[in-house]
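J.: got a predicted structure here, sequence first:
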Amino acid sequence: MPHPSPARRWLAAMAVVGLLATASAAQPVAAVGAPAAGQPVAALGLYANSAIVAPGGPRKWVALHSLAPQSLGTYTVRVDRSGVTAFADVAEGEGRRTCTTEGPVITCVIDGANEPDQDLLTLGVTARPDAQVGQRGELALTVTAPGVGTATYRSTVSIGEGVDLATAPDVDLNGTLGSTVTLPLSVTNRGATTAHGLVLYLYGFNGLTPAKRYENCEYVDLDQDNSPFACTFDDSLAPGETVAVDSTFAGTVGADTWAPNLYYNFGYWFTPADWEEFQSQYRPAEPLGPKGTDPALTLVPATDTQVRGLGQTDTRFVNNDTTITLTVAGDQRADVAAVGATVSGAVGATVATTVGYVNNGPARAGDSGQQGLAVTTRVTLPAGVTAVTVPNSCVDPTDEEWRPGKPGARLYECSGPGGIAQGERMGFEFGLRIDRAGSQTGAVALRTRSGSGPIADLNPANDTATILINPKGGNPNGNGGNPNGGGGGDGGSLPITGTPVGLIAVVGALLVGIGAGGFLLTRRRTRVEA
């Protein structure tokens, strides 16, 4: 199997899935800049990350986002660089480059009418050769959108001391069902400056459950078969020195894993200042989640030193990541069974209809591994109903555009995020308007894949089910049970899975705009009116 590209591609996914998912579960970012006189504060909210750069280090990116729920139309961005020009160069990102520059001020008029992604402008930041560690200042980013308002957000640019952290590019692990696997991760200081403080960020564990939850680590628990977490160390790392996590750092392979299987996880080492910057890309830096209660994870050999007040930034991000490959041996598969629905209602009524599938086990379904069972639910609606509401988990496969949750289609393909254990169910709720009297029949069919191609589950005979609308002799008041084709399932309620897949759609869109090289944001399109 081909090896995935290293962190130059996946680091963006780590940021979005781990950090954005955390933010989505919390309250919206209330980062509204100072509005112009007479404009309502709530009319235009802005957010931009900060950046720390070092002389001779890579270019970083400051991305300005709108918190408004709608497109701003044609808007103006005024960038006042006067607070940072003494030590940093700031230039507009790629685009048609029709922004105008007058002294320290960049002014861009941008047509965002057809670009509702709220990514307003991206700026490239580099340190000047004579910049001094500790210098800092602010970029004043002012947006004016006719009919919406004017607001200013200030992004901090600072000069850090350059260091060079490096780690092994690959770690190969082997496990069996239910086994515990030690993760031997290490980091080396390849630079000429002592690194004060380290942060280890892991995106995963896919296929693993952390064996311990350490008091110096912050954990994100997502319902997507992974738990991103970050561990902070106060240790100093001298030039040429290498340290490793202690031998307690391990994960447990699930006893219900689809096997054989292959999982890819990733680890990344940051300086504390770079970690804070990384977190700030889409929201203000804050803890990922609660800390663990087990004794702290340590580095061996470790030194007990005090962290410096001045920030440090890594000057070579291409050697900070480790691809962790976990191979799970065994022979274990799963059976998924389609779950249909029976509903009744008068002509013109809209009735809730939930369909999907149940996992009969023994392995998890929807496993995140390379060989796990991926399930797509194909829903064919009767001609006499109209889908008024559709979960964001579902798309019309005949549509040339990708429009999750689009109403009015006859055929849908639905995919739920994450995996489900034996006995659990995955459901998709539609609001169906009954347009025609009499009995009508639709269908639910499961498509199962593993790795790069289709694979049969343990019992393909129960992979279809029916959707019955006003069946003869049925309950005239409507919600009914869930008939299952091929004898699969036993009726009952299904969890609804709209919001998480909506998040994944956002993730996909953001990954297009996030790149590899600069550790944070790559060149985003700067939409400028010609």
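T.: Great, that's in hand.
J.: now the strands for the stretch 301-450 of the chain?
T.: 312-314, 321-332, 334-339, 341-343, 350-362, 373-380, 385-389, 394-395, 411-414, 425-434, 440-450 (DSSP state E, counting those that start in this stretch).
J.: CSV for those strands, including distance to Pro404?
T.: (Glycine included, C-beta is placed from N, CA and C.) As requested, the strands of the stretch 301-450 of the chain are exported to CSV (distance: least, C-beta to C-beta, whole Å):
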stretch, distance to Pro404
strand 312-314, 37
strand 321-332, 30
strand 334-339, 21
strand 341-343, 21
strand 350-362, 16
strand 373-380, 14
strand 385-389, 13
strand 394-395, 5
strand 411-414, 10
strand 425-434, 12
strand 440-450, 18
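J.: lowest-confidence stretch among those?
T.: Lowest mean pLDDT within these: strand 312-314, at a mean of 60.
J.: what strand or helix carries Leu468?
T.: strand 464-469 (DSSP states H and E).
J.: got it, and Glu276?
T.: Going by DSSP H and E, Glu276 is in helix 272-279.
J.: which is the next helix or strand following that helix?
T.: Using DSSP H and E, the helix or strand that follows helix 272-279 in sequence is strand 299-300.
J.: residues in contact with that following strand?
T.: With contacts defined as C-beta atoms under 8 Å, 6 or more residues apart in numbering, strand 299-300 is touched by Leu198, Phe233, Asp235, Val243, Ala244, Val245, Asp246.
J.: wait, Leu44 touches Ala68, no?
T.: Yes. Using C-beta atoms under 8 Å, Leu44 is in contact with Ala68, at 6.0 Å.
J.: ok, these two, which is more surrounded?
T.: More neighbours surround Leu44 than the other of Leu44 and Ala68, with 25 against 20 (other C-beta atoms under 10 Å).
J.: pLDDT at the more buried one, what is it?
T.: pLDDT, the model's per-residue confidence, is 76 for Leu44.
J.: so what's it up against?
T.: Residues in contact with Leu44, defined by C-beta under 8 Å, 6+ apart, are Val32, Pro35, Ser66, Ala68, Leu72, Val143, Ala145, Val148, Gly149, Thr150, Ala151.
J.: the third one: how many residues sit nearby?
T.: Yep, that's Ser66 we're talking about. 23.
J.: please identify the buried residues of stretch 338-358?
T.: Neighbour counts over stretch 338-358 (16 or more other C-beta atoms under 10 Å) mark 338-345, 350-351, 353-358 as buried.
J.: can you give me the offset of it from its chain's centre?
T.: Distance of stretch 338-358 from its chain centroid, counting by C-alpha atoms, centre = their mean, to the nearest Å, is 31 Å.
J.: what do you get for stretch 241-251?
T.: 27 Å.
J.: now swap in stretch 364-372 and tell me
T.: The chain centre lies 18 Å from the centre of stretch 364-372; the measure is C-alpha atoms, centre = their mean.
J.: ok, residues contacting it?
T.: Residues external to stretch 364-372 that are found in contact with it (C-beta under 8 Å, 6+ apart): 1, 206-207, 224-226, 254, 256-264, 328, 334, 336, 357, 359, 373-375, 416-422, 426, 450-451.
J.: circling back: in helices, which of the contacts of Leu44 fall?
T.: Among these, no member falls in helices (DSSP state H).
J.: just give me the closest of the residues you listed to Ala127.
T.: Nearest to Ala127 out of the contacts of Leu44 is Val143 (C-beta to C-beta; 26.2 Å).
J.: how about the closest one, nearest residue that isn't a chain neighbour?
T.: Leaving out its chain neighbours, the residue that sits closest to Val143 by C-beta to C-beta, 6 or more residues apart in numbering is Val77, at 5.4 Å.
J.: the one you found should be in a strand, yeah?
T.: Yes. Checked against DSSP: H, G, I helix; E, B strand; the rest coil, Val77 lies within a strand.
J.: hey, what's it bridged with?
T.: On the basis of DSSP bridges, Val77 is bridged to Cys108, Val143.
J.: from what I can see it touches Val105, true?
T.: No. Taking contacts as C-beta under 8 Å, Val77 lies outside contact range of Val105: 10.8 Å.
J.: more neighbours, these two?
T.: Higher neighbour count among Val77 and Val105: Val77, with 23 against 14, using other C-beta under 10 Å.
J.: since we're on Thr180, how many residues are nearby?
T.: 12.
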